[in-house]
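> just need the structure, nothing else, for what follows:
(one chain, ligands or ions: 3)
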Amino acid sequence: MVDIRKPILVSEAVSAVLNHAKAGETEFISIDDCEERYLASDLIADHDVPPFDRSPLDGFAIRAVDSQGVTEESPKSFKVIEEIGAGAVAAKIPTQNEAIRIMTGAQIPAGTDVIVMFELVREFEKEGEAYFELTQSFQSGDNISFQGEDAQKGASLVQKGVRITPGIKALLATFGYAEVEVFKKPKVGIIATGTELLDVDEELQPGKIRNSNAYMVAAQIKKVGAEPVYFGQLVDDLEESFQKISLELEKVDYLITTGGVSVGDYDFLPEIYKRLGANVLFNKIAMRPGSVTTVAEVNGKLLFGLSGNPSACFVGFELLVRPAILTSFSVGKPHLQKLQATLVVDNDKSNNFSRFIRSYMYFDNGKFYVKPTGLDKSGVVSSLADANCLMMLPGGANGFQKGDVVDVLLLTGEGSEWPWTTV
Ligand SMILES: Nc1nc2c(c(=O)[nH]1)N[C@H]1C(S)=C(S)[C@@H](COP(=O)(O)OP(=O)(O)OC[C@H]3O[C@@H](n4cnc5c(N)ncnc54)[C@H](O)[C@@H]3O)O[C@H]1N2
Ligand code: MOO
Ligand SMILES: [Mg+2]
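Ligands and ions are numbered 1, 2, ... in the order given. The predicted structure is shown next:
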C-alpha cells in the first residue's frame, strides 16, 4: 500500500518554506561586476548632486539684475570677460553688464545667477573684445541646475535587497562605490534522477529521454541570481542516490533534485529523506502541476524535491525555490508578480487543486489578455517555450470561460509581496 499523502494549500507550502529561509551572506565586489546582483546595504548619497550650482546650457552667465527692463525694443550689450568649460571654475566675478561665457556642466560663476543660452543672443566684437546683445529679461535662478536638486547628501536612494540595474550602477558610480556590498550568490546544487535519462549530447535510445530538467533548473537558478552547481544525473538506485545526495548536500546552500518524489517503485527520494533524518515540510501540494513537490530540511538546509515532469518541475521552482532564494537576498517582493487578464479561450477543466497553466499574456487595445501556450499536462515540455506567465486558476471552481478575468503570475519583471492567500 502506498502512503496516502495529505495535500496542503500552495500558500501553506510557501510559508513553510519561507519559515526556513535564511538571510544570505554578503560580500564586497567591484562595481564592474555588480549588475544583476542584490544590494546588501542601502545606497546612501554621501554628497549633494549636483555638488555645486551648474549650467544646464551652453551660453552666458549674467546677473539677473542687469537684465531688468531689457526687451526687443530696448536691448542691452554685455561684455564677455572670461570663458569656462565644464570642469573649470571662473576666476573672475562679473560686475555690471559683464558676463562669462560658460559651457554645460560648468560651475555657476560667483556673482551670476542666470544662464542665457547662445541661441537667444546676438554676439559681436568691438575693439577685439567679445560682446553680445540681450533682448529679454530674466529672473534670478533662470536656467540653473541647483546644488542638491538631484539628490541630497544623506538620502537613502536605493534600499538593500534591490537588484542592481544599469541605472543603479550609475548611482553607485556617482557616489564613489568602487566596491559594492551585495549578497553572495548562494550555491544551488542540482541532481537529476531517473534511469531513463540521457544527457544532452547522447543519441535517443528505446525507452529513454533526454534530461531537460537539469538545464532548465540551472537557467532558473541563474535568472534568480544564484549559482547553479550541477552534480549530474543518477540512475534510480537507492544506495547510490543516497550516497550522492548526502555527499553533495554538504557542498551547497540548497539542493534541488528532480524526479523520484512520487509513489513509484523507483521513486527513492522519500526513503532518502528518511535516511538523511530530514524534516519533511510537506510532500503534497494542492496544485497542478507539481502536486508531488516535496520540501525537506536537514540541519537548516533546504532540499527541494521537484517533480520529474518538466512543467511540474518548472512551476515548483518558480513558486517555492525562487521566493526562498530572493528572501535570503532581502527582496521585499520575492513572489511572481500577480496581475489580472482576460481569458481568450474556454478552460472547462475543473479540478480540486489550483492550476498554474503555462500561458502567454499580451496587451491589446488597453487590456491584458491571456491564453495557454500548449497542452496543459505536467509531463509536457513544449508549452514552456512561449510561456511568459502562469495562469492561476483556483481549485474547486467549475471551469473558466472566454471573457473571464483571471489571475496571472508573471515570469519576468518585478515580483509581488505575498499574493495568493486563498489557494
Ligand atoms: N500512483 C501515482 N502516480 C503518480 C502520482 C500519484 O499521485 N500517484 N503523481 C503523478 C504526478 S502528479 C507527477 S508530477 C509525477 C511525479 O513523478 P516523480 O517526481 O516521481 O518523477 P519521475 O517518476 O522520476 O518522473 C516523472 C516523469 O518525468 C520525466 N523526467 C524525470 N526527470 C526528468 C528530467 N530530468 N528531464 C526530463 N524529464 C524527466 C520522467 O521520464 C517521467 O516521465 O508522478 C505521477 N505519478
Ligand atoms: O505533480 Mo503532477 O505535476 O501534479 O502532474
Ligand atoms: Mg515517479
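
> tell me how far the nearest residue to residue 320 once chain neighbours are set aside lies from ligand 3.
Of all residues not flanking residue 320 in the chain, residue 17 sits nearest, at 5.2 Å (CB to CB, 6 or more residues apart in numbering). For glycine as for every other residue, the C-beta is placed from the backbone atoms N, C-alpha and C. In this view, residue 17 and ligand 3 are 22 Å apart by CB to the ion, to the nearest Å.

> surely residue 17 is within a helix?
Yes. According to DSSP: H, G, I helix; E, B strand; the rest coil, residue 17 belongs to a helix.

> so it sits against residue 295, correct?
Yes. Using CB atoms under 8 Å, residue 17 makes contact with residue 295 at a distance of 5.6 Å.

> what residues does the protein put near ligand 1?
Counting by CB under 6 Å from any ligand atom, the chain comes close to ligand 1 at 192-194, 196-197, 209, 211-214, 258-264, 267, 289, 291-292, 307-310, 312, 378-379.

> whichever of the residues you listed end up buried, select them in ChimeraX.
Buried members of these, defined by 16 or more other CB atoms under 10 Å, are picked up in ChimeraX with:
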select :192,193,194,196,197,211,212,213,214,258,259,260,261,262,267,289,291,292,307,308,309,310,312,378
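
> intersect the residues of the chain next to ligand 1 with the contacts of ligand 3.
262, 264, 267 (CB under 5 Å from the ion).

> residues contacting residue 76?
By CB atoms under 8 Å, 6 or more residues apart in numbering, the contact list for residue 76 reads 66, 67, 70, 97, 133, 134.

> hmm, I typed the wrong one, I wanted residue 416.
If you count contacts by CB under 8 Å, 6+ apart, residue 416 has them with 333, 335, 336, 337, 338.

> got a list of what the third one touches?
Applying CB under 8 Å, 6+ apart, we find residue 336 in contact with 318, 319, 322, 390, 409, 410, 411, 415, 416.

> next, format the contacts of residue 416 as TSV and append secondary structure.
Below are these laid out as TSV (three-state DSSP):
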residue	secondary structure
333	coil
335	strand
336	coil
337	strand
338	strand
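
> which residues in the stretch 201-350 of the chain form helices?
Using DSSP state H, counting those that start in this stretch, the helices of the stretch 201-350 of the chain run over 213-224, 238-249, 269-276, 310-316, 322-328.

> and the fourth one, how far out from the chain middle?
What it means is helix 310-316. Mean-position distance between helix 310-316 and its chain equals 21 Å (CA atoms, centre = their mean, to the nearest Å).

> alpha carbons of that helix, as CSV, please.
Provided in CSV are the C-alpha atoms of helix 310-316 (Å, rounded to 0.1, in the frame of the first residue of the first chain):
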residue,chain,number,x,y,z
PRO,A,310,9.2,19.1,-16.8
SER,A,311,6.3,21.5,-16.3
ALA,A,312,5.8,20.5,-12.7
CYS,A,313,9.5,20.9,-12.1
PHE,A,314,9.4,24.4,-13.6
VAL,A,315,6.4,25.5,-11.6
GLY,A,316,7.8,24.0,-8.3
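
> that one and ligand 2 in contact?
Yes. Contact of helix 310-316 with ligand 2 is found when judged by CB under 6 Å from any ligand atom, involving residue 312.

> make 8 the first number, not 1, from now on.
Yes, from this point I'll number from 8; that puts the last item at helix 317-323.

> now for that helix, which elements pack on it?
Other helices and strands packing on helix 317-323, by 3 or more CB pairs under 8 Å, 6 or more residues apart in numbering; DSSP states H and E, are helix 220-231, strand 308-313, strand 361-371.

> just name the closest of the contacts of residue 83 to residue 406, please.
Nearest to residue 406 among the contacts of residue 83, counting by CB to CB, is residue 74 at 73.6 Å.

> contact partners for the closest one?
83, 121, 123, 141, 143, 144, 145.

> mind giving me the domain split of the chain?
17-32+192-335, 35-57+156-190, 66-141, 344-417 (automatic domain parsing).

> give me the neighbour count for residue 313.
29 (other CB atoms under 10 Å).

> my guess is it meets residue 323, correct?
Yes. The pair residue 313 / residue 323 is scored as a contact, 4.2 Å apart, by CB under 8 Å.

> anything in contact with each of the two?
297, 300.

> quick check: ChimeraX command selecting the buried ones in the contacts of residue 343.
To isolate the buried ones among the contacts of residue 343 in ChimeraX, judged by 16+ other CB under 10 Å, type:
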select :325,326,329,397,416,417,418,422,423
